[in-house]
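Q: Quick check, what structure comes out for this input:
(2 chains)
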Amino acid sequence: MIGIEVIDKPRLDGKRKALVLAEDRVGHYPEFREFFVRRFSLETNGLSRPGYVRAPSGMIYSLVFVGRSGEPFPDGIEIYALADALEPLSEGDVDTDLWALLSWMIDGIGGEWKVEDLDATGRLYQLPFLSDRG
Amino acid sequence: MIGFGLSEKPVREQAHSLDGHIANLTSLLRQLDIRNATMVCHDWGGPTGLGFALSNPDRVRALVIMSTWAWPLPPAEFHKRIFPWRMMHAPLVGPYLLGRHNALAGRGMYLSVVDRKRFRDEAQSAYENILPDPAARLLTWTWPRWIPLDDTARGLERFRSLERELKKSKFPTLLVWGREDEVFDHKTFATRFKELLPHAEGPELVTGRHFLQEDSGVEIAEKINNFLDRIDARHP
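A: Sure, this is the predicted structure:
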């Protein structure tokens, strides 16, 4: 159960953007970049709008694609939680939401990249929320 | 090494490159006017330390090479596998696992020693505490991404030049390897160094996985001291 839903632009009133994860080199393995290009139509959308996803906790996240001169687009990704403006984030929820997003990404990339290997890696490094998943 | 230990921690991936780290080391050792140095090169200390030694031979007396590599290809079997190595530093996964969860300094180091209980009791917190927040941990997923996996890799030309220059090297050299190292296994990697440097002593095998100095620090120090004594005896 991955639980990530791509959504159109959400209402941003009363929200703040909280940076929760940043990647400076999304094309380190080119198939990762190609996944985001495909999933968010970046060849036509370019820098015009972020991508939005709803994660298992119900929180919406904004995926901001970063361009860098001389590099294929996108070169980086910043992930922001769209939190209630004056409320603290639940780091536990962010942690499991991000893991769901990573699982969704790996599933979408496919080929030699498998969610089972991501889960095995998470278990090897003892992510606490995976300890009861076998 | 800038980005590790108590050194400053650049916060952008683009701040790190193999050439940049060799230049950092060169700058440090020139400013300290270090001469007659013995370069003990372990893991990424291999490409960086050898990069310095081979381009500044007048400042170097000898080499000690431990669990590392200095050529472009082929990669270690360990580095070709998706699980766990390529997955753990993959885009977004790396910043998550190694950044948010400090996977290298914590569990990763623990898995890379033989005496895990002693490491956990005596050393692990020191590794974790010097990388206190995700931004400080950047190099833990950036350095793995510089290991060449195919001929499109960054740094390939630098590794080619390292291999080329290393073959010509006449530095007295000692090879020390962890018997249990499954990252740069001694049968493949120490053997290749021996082919490049037939005059090298060793490989001397000690108890140790990839971070062999955690298991055999005293023994390694004795081997290095004995090696230097032998050099002194040959060139009094």
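
Q: mind listing the strands for chain A?
A: For chain A, the strands defined by DSSP state E cover A:5-7, A:15-23, A:51-54, A:60-66, A:76-84.

Q: export those to a markdown table and tack on distance to residue B:33?
A: For the C-beta atoms, the positions are set from N, CA and C on the backbone; glycine is no exception. Shown next, in a markdown table, are the strands of chain A (distance: least, Cβ to Cβ, whole Å):
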| stretch | distance to residue B:33 |
| --- | --- |
| strand A:5-7 | 59 |
| strand A:15-23 | 40 |
| strand A:51-54 | 53 |
| strand A:60-66 | 42 |
| strand A:76-84 | 40 |
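
Q: In CSV, list those along with distance to chain B and mean pLDDT.
A: Supplementary listing: those in CSV, determined by distance: least, Cβ to the nearest Cβ, whole Å; pLDDT from 0 to 100:
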stretch, distance to chain B, mean pLDDT
strand A:5-7, 16, 97
strand A:15-23, 5, 97
strand A:51-54, 13, 98
strand A:60-66, 10, 98
strand A:76-84, 7, 98
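
Q: Format those as CSV; extra columns: mean neighbour count.
A: Shown next, in CSV, are the strands of chain A (neighbours: other Cβ atoms under 10 Å in any protein chain shown):
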stretch, mean neighbour count
strand A:5-7, 12
strand A:15-23, 18
strand A:51-54, 19
strand A:60-66, 21
strand A:76-84, 20
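
Q: Of all those, which one is nearest residue B:215?
A: strand A:15-23 (34.3 Å; Cβ to Cβ).

Q: Stretch B:87-101: end-to-end distance?
A: End-to-end distance of stretch B:87-101 (Cα to Cα, to the nearest Å): 15 Å.

Q: quick one: is it near chain A?
A: Yes - against chain A, stretch B:87-101 shows contacts by Cβ under 8 Å from any Cβ of the partner chain at B:87-88, B:90-97, B:99-101.

Q: Let's see which of those end up in helices.
A: Here DSSP state H is the test, and those give B:87-88, B:93-94 as lying in helices.

Q: mind listing what residue B:51 touches?
A: B:18-19, B:22, B:25, B:158, B:162 (Cβ atoms under 8 Å, 6 or more residues apart in numbering or on different chains).

Q: redo that, cut-off 10 Å
A: Counting by Cβ atoms under 10 Å, 6 or more residues apart in numbering or on different chains, residue B:51 makes contact with B:18-19, B:21-23, B:25-26, B:39, B:41, B:70, B:158-159, B:161-162, B:165.
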